[in-house]
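In: Next input, structure requested:
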Amino acid sequence: MQAHGILLEDELGDVLEKGMRCAGLSVDELSRLAEVPAGRLCDALDYRSDLDAAELGRVARVLGLNEVGVGALASASYPLPEIGPLPFCVNVLSMRHGIGTANAYLITECGADHGMLFDAGGGLSELMAVWPRSVTKLDAIFLTHAEPEHSGGFTDVMRHFAPQRAHFPVGMELRGGTPLAEPAVVAVGAFDVGVLSTPGHALAHNCYLVGMRSAPQGTGLLVAGDLVFAGSAGGGYHCPTQTQGHLRRVMRSLPGTTVIAPGHGPMTTVAHECRYNPFLP
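Out: Below is the predicted model:
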């Protein structure tokens, strides 16, 4: 499934699998509660779904998922919003990861040759292959969590750019930086970077809310890591209950215009995901 030139991170089967993990249900238990044959559920989990609208609705209700979003994923028509203007420039550094992508984000004042990097990709060579030539210096690097596709390039980025600041979640063990937890706010040049502690997908996981002090009423940017994607959410590999709790807390606390820069897949907005995301019923 492709949208806005970047693959969505998850399809229906992924969302159902994550929903079952959150609900603590097996295929047989979901089959009984949703009145859908187990074989048809297995087909859906294996990306061969032919569930009809009534079956999808029952499955979504049992799993506590947003029926509109589930139906859109099932029909390969999950919508994406138009992304409005931001008071700064965002370079999406999208790198191949499996059959999809992993994203890092380089944020600058428009026209500047320096900025902040959020996540470091799997390695420096992958990152530099999509790096804008106009940016030659880093003021800071922030990591969301420790998975290789997001943090694998950290050491080499530090060596190559020597940023003045490097930050990552409390509980993540790295040399050469300072751990951060909510409610810290870090000033970097013209920017304020607010920290949101969001463990669940991983034991140590942060999201970062980026704003520009000269535009306090301007649209903010949520660098979301693997908390939320367009059309899905990160798997609760550390704790699904924490993942869902922080997802709903963060999304309900931010203005709907806030742009979401996820660790995988295309950018979206808070309002859009609150309307359509299967994990935000």
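
In: Am I right that N91 is in a helix?
Out: No - the assignment for N91, made by DSSP: H, G, I helix; E, B strand; the rest coil, is strand rather than a helix.

In: so how many other residues sit close to the closest residue to it other than its chain neighbours?
Out: Of all residues not flanking N91 in the chain, L106 sits nearest, at 4.1 Å (C-beta to C-beta, 6 or more residues apart in numbering). (Each C-beta comes from the backbone N, C-alpha and C, glycine too.) When counting by other C-beta atoms under 10 Å, one arrives at 22 neighbours for L106.

In: Quick one: residues contacting R248.
Out: Residues near R248 by C-beta atoms under 8 Å, 6 or more residues apart in numbering: L280.

In: Tell me the spacing between it and C22.
Out: Distance, R248 to C22, by C-beta to C-beta, to the nearest Å: 12 Å.

In: Distance from the chain centre to the longest helix along the chain, please.
Out: When the chain is parsed with DSSP state H, its longest helix is helix 240-253. A distance of 13 Å separates the centroid of the chain from that of helix 240-253, by C-alpha atoms, centre = their mean, to the nearest Å.

In: Can you give me the buried ones in that helix?
Out: Neighbour-count burial for helix 240-253, with 16 or more other C-beta atoms under 10 Å as criterion, is recorded at P240, Q242, T243, Q244, H246, L247, V250, M251.

In: do stretch 14-28 as well
Out: Using 16+ other C-beta under 10 Å as the test for burial, stretch 14-28 gives D14, V15, L16, E17, K18, G19, M20, C22, A23, L25, V27.

In: Wait, the second one touches S232, no?
Out: Yes - using C-beta atoms under 8 Å, V15 makes contact with S232 at a distance of 5.5 Å.

In: Name the residues contacting each of these two.
Out: Common neighbours of V15 and S232, using C-beta under 8 Å, 6+ apart, are P278, F279.

In: Report the separation between M212 and F142.
Out: 16 Å.

In: for this protein, what helix or strand is lowest in average pLDDT?
Out: Within the chain, no helix or strand scores below strand 2-3, which has a mean of 40 by mean pLDDT, DSSP states H and E.

In: Identify all contacting residues around the helix or strand following that one.
Out: With elements assigned by DSSP states H and E, the helix or strand that comes after strand 2-3 is strand 6-7. Contacts with strand 6-7, where a contact means C-beta under 8 Å, 6+ apart, come from M1, V92, S94, I99, G100, T101, G265, P266.
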